[in-house]
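Peer 1: A structural model of the following input is requested.
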Amino acid sequence: MKIDIQQYFRRIHARRDKARRMRHHAVEASNWKPERAKCHANVDEWVARNPGLKAVRGWLIVGGEICGPCQYAAHSVIEEDGEFYDITLGNQRECDAYPFLKHIGIEDEFWEVEQNHRQVFWPRMTTEEAIAAAAEAEIYDAESGADNYSW
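Peer 2: Purely as a prediction, here's the structure:
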């Protein structure tokens, strides 16, 4: 399957106002607990251990929210009884900071996009604009060049 990336992120960006805040759940099981920056594996593991739950793929909105350019980061969460919750981010404050926008379509499409586009600024920006936006969202330190992603 060949995805038109421009069209895909145009659709995502057009419905960014549908992003939802998630609840944070601290979970663990014998010999396992979620790891930072491993959201997809964490969710898959927790769903395998709890068959009544559903894995949901989509995008965190890191900056911009409902107006202007946004940075989208591929992410997975849990759905239970119609509610989304996150097991990878560190606490409720982090969940509140990054609304989640559910992927609409087949899961294979999400994985094809995620494989090469885990983090995307949309609409497209110059490098200078992207650095300024990331610094404003406090996810990039322009002086040191360090990124502060924690998911």
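
Peer 1: distance check, the residue located most distally from the centre of the chain against residue 49.
Peer 2: Residue farthest from the centre of the chain, counting by Cα atoms, centre = their mean, is residue 30 at 26.8 Å. For residue 30, the distance to residue 49 (Cβ to Cβ, to the nearest Å) stands at 10 Å. Just so you know, the C-beta spots here come from the backbone N, C-alpha and C atoms, and that holds for glycine as well.

Peer 1: let me see the ranges of the strands in the chain.
Peer 2: 23-24, 54-63, 70-80, 83-86, 100-102, 119-122, 140-141, 146-147 (DSSP state E).

Peer 1: residue 13: which of those is closest?
Peer 2: strand 119-122 (4.8 Å; Cβ to Cβ).

Peer 1: hey, C-alpha coordinates of that closest one in CSV?
Peer 2: C-alpha atoms of strand 119-122 as CSV (Å, rounded to 0.1, in the frame of the first residue of the first chain):
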residue,chain,number,x,y,z
GLN,A,119,7.2,12.9,14.2
VAL,A,120,5.9,15.4,11.7
PHE,A,121,5.5,19.2,11.7
TRP,A,122,2.4,20.1,9.7
